[in-house]
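Enquirer: sequence unavailable; structure follows:
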């Protein structure tokens, strides 16, 4: 099989498939795995199994939130993980399991025979090669022109559903061991601005949002807000990216091809989605091997992958999107009201940290919408829709 994209979803799929006896080729667009666009992320301690700790760059003791003049500081553990190192560690595991890796190998299109995908076309400069495989796993994300080969072939991204990112790595910062987040519709509509510690004098300073101009948003925020932790800091690296908040219930497999991770809209709104990518990637690798072994790589043969991941995650992914849409109607005011609620309710604070760290997301959302104050912010109709989605109802 051919796996396109050596991020967490792709590496997880390649590792599982190789462990199950598959002959796996992992293709990475960039000249290195975990390239310069992979920014650090804040994760819980439970995410960091021993193999991942090498990627940890800073411990976190607290979380400081801002929204429309309201501030909330709360204890929140975890670590900041360097995605560049984490992706390399995941690729090393895939290689140790038996996967072959090609770097600098952009996939331009799928090879098709009738309705069945039979491989990919790799093209770079004057080099063009057809690589055949019984199953193609598209883990190419949605961040670049060549991302999402499955969606490009069978229905593309909508710009209004894209979340745009812009980030600086800042030197001479003083971030301490605190993650700081601003919710502001002016600088980050539907998203956030953040500062994460990266160890020593380094910090990651980023912004995400809908309808965002990523080249200007960070500089404008820095000039207007002048955050204390960055007053002596200078940028030493920058990156831009994007991901889709599109409908995750769209098909994620066809004859000979499976989409996983960002390429399948398996994306979180409020967190990095690393746990989701790793688990869905593992499911994709296992089902692909089963289909090849049983001689059925049609859509029906690969459908256990789609049914499996949807059964566990689709309801909460749609509920998280519905929660986000309810807040977007008055982003600053509603986020401010949630922070006020957080001052008085310790359980709500725990749910909020879980949502931001991707820790039991479904349970966090379920607990939130049971709070009277949250229902007042969302509206009863919005809260009921979120409840229904978490119960697996109303997904059409």
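Expert: Received it, and whenever you're ready, just let me know what you need. Given the structure is predicted, the values throughout are model-derived calculations rather than measurements.
Enquirer: where in the protein is pLDDT low?
Expert: Filtered on pLDDT under 70, the chain yields the residue ranges 36-37, 145, 155-157, 214, 393-396.
Enquirer: all the helices of it, residue numbers only.
Expert: Listed in chain order, the helices of the chain (DSSP state H) span 8-19, 83-97, 149-154, 214-225, 274-293, 299-309, 315-328, 331-344, 346-357, 361-369, 372-378, 380-390.
Enquirer: and the fifth one, what does it pack onto?
Expert: On a contact count with 3 or more C-beta pairs under 8 Å, 6 or more residues apart in numbering; DSSP states H and E, helix 274-293 meets helix 8-19, strand 136-138, strand 257-259, helix 299-309. In short, each C-beta sits where N, CA and C put it, glycine included.
Enquirer: what's the closest of the ones you listed to residue 43?
Expert: helix 8-19 (11.6 Å; C-beta to C-beta).
Enquirer: and for that closest one, what are the contacting residues?
Expert: If you take C-beta atoms under 8 Å, 6 or more residues apart in numbering as the criterion, helix 8-19 is touched by 1, 3-4, 6, 24, 26, 28, 33, 86-87, 90-91, 93-94, 97-99, 137, 139-140, 260-263, 266, 274, 277-282, 284-286, 288-289.
Enquirer: and if you look at stretch 141-150?
Expert: 4-5, 7, 29, 37, 106-110, 120, 138, 140, 151, 156-157, 162, 241-244, 252, 254, 257, 259, 261-265, 267.
Enquirer: what residues of stretch 146-155 count as buried?
Expert: Residues of stretch 146-155 classed as buried: 146, 147, 148, 149, 150, 151, 152 (neighbour count, 16 or more other C-beta atoms under 10 Å).
Enquirer: contacts only, for residue 281.
Expert: Counting by C-beta under 8 Å, 6+ apart, residue 281 touches 8, 9, 10, 11, 12, 13, 16, 139, 260, 261.
Enquirer: switch to 6 Å and redo it
Expert: 9, 12, 13, 260 (C-beta atoms under 6 Å, 6 or more residues apart in numbering).
Enquirer: over to residue 58?
Expert: Residues near residue 58 by C-beta under 6 Å, 6+ apart: 80, 197, 198, 199.
Enquirer: quick revisit: so among the contacts of stretch 141-150, which ones count as buried?
Expert: Judged by 16+ other C-beta under 10 Å, buried ones among those: 4-5, 7, 29, 37, 106-107, 110, 120, 138, 140, 151, 157, 162, 241-244, 252, 254, 257, 259, 261-265, 267.
Enquirer: deepest-packed of the helices of the chain, please.
Expert: Among the helices of the chain, ranked by average contacts under mean count of other C-beta atoms under 10 Å, first place goes to helix 8-19 (a mean of 29).
Enquirer: please state the offset of that one from the chain centre?
Expert: 17 Å (C-alpha atoms, centre = their mean, to the nearest Å).
Enquirer: that older thread, next step: the buried ones among the contacts of stretch 141-150 restricted to strands.
Expert: Judged by DSSP state E, those include 4, 107, 110, 120, 138, 162, 241-244, 254, 257, 259 as members of strands.
Enquirer: thinking again about what came up before, most neighbours, which of the contacts of residue 58?
Expert: Ranked by neighbour count (other C-beta atoms under 10 Å), the contacts of residue 58 have residue 197 at the top, with 27 neighbours.
Enquirer: picking up where we left off before, what two of the ones in strands among the buried ones among the contacts of stretch 141-150 have the greatest distance between them?
Expert: Within these, 241 and 254 form the most distant pair, 26.5 Å apart (C-beta to C-beta).
Enquirer: who wins for proximity to residue 180 among the helices of the chain?
Expert: helix 214-225 (10.9 Å).
Enquirer: who are the packing partners of the closest one?
Expert: Under the contact criterion of 3 or more C-beta pairs under 6 Å, 6 or more residues apart in numbering; DSSP states H and E, helix 214-225 touches strand 162-171.
Enquirer: can you rerun that using 8 Å?
Expert: So helix 214-225, by 3+ C-beta pairs under 8 Å, 6+ apart, packs with strand 162-171, strand 203-210.
Enquirer: the shortest one versus helix 331-344: what angle between them?
Expert: Okay, so that is strand 203-210. If you take axes from the mean of the first three to the mean of the last three C-alpha atoms, to 10 degrees, strand 203-210 sits at 130 degrees to helix 331-344.
Enquirer: partner strands of strand 203-210, with direction?
Expert: strand 162-171 (antiparallel), strand 192-197 (antiparallel) (DSSP bridges).
Enquirer: tell me the domain ranges of the protein?
Expert: Listed by automatic domain parsing, the domain ranges of the chain are 2-37+84-159+246-314, 44-81+160-243, 315-390.
Enquirer: which one of the contacts of residue 58 is nearest residue 366?
Expert: residue 80 (27.6 Å).
Enquirer: right, and that closest one touches residue 194 too?
Expert: No. Using C-beta atoms under 8 Å, residue 80 makes no contact with residue 194, being 10.7 Å away.
Enquirer: shared neighbours, these two?
Expert: Common contacts of residue 80 and residue 194 (C-beta under 8 Å, 6+ apart): 179, 204.
Enquirer: got the contact list for stretch 295-307?
Expert: 116, 134-135, 251-256, 258, 283-284, 287-288, 290-291, 294.
Enquirer: again but with stretch 98-106, I slipped
Expert: Here stretch 98-106 makes contact (C-beta under 8 Å, 6+ apart) with 3, 6, 14-15, 17-19, 24-33, 91, 94-95, 122-124, 146.
Enquirer: same question for stretch 266-280.
Expert: Outside of stretch 266-280, the residues within contact range by C-beta under 8 Å, 6+ apart are 7-9, 12, 41-43, 47, 86, 142, 163, 243-245, 248, 252, 260-262, 264, 309, 312-313, 317, 320-321, 323-324, 355-358, 361.
Enquirer: that's all I had, so thanks and see you.
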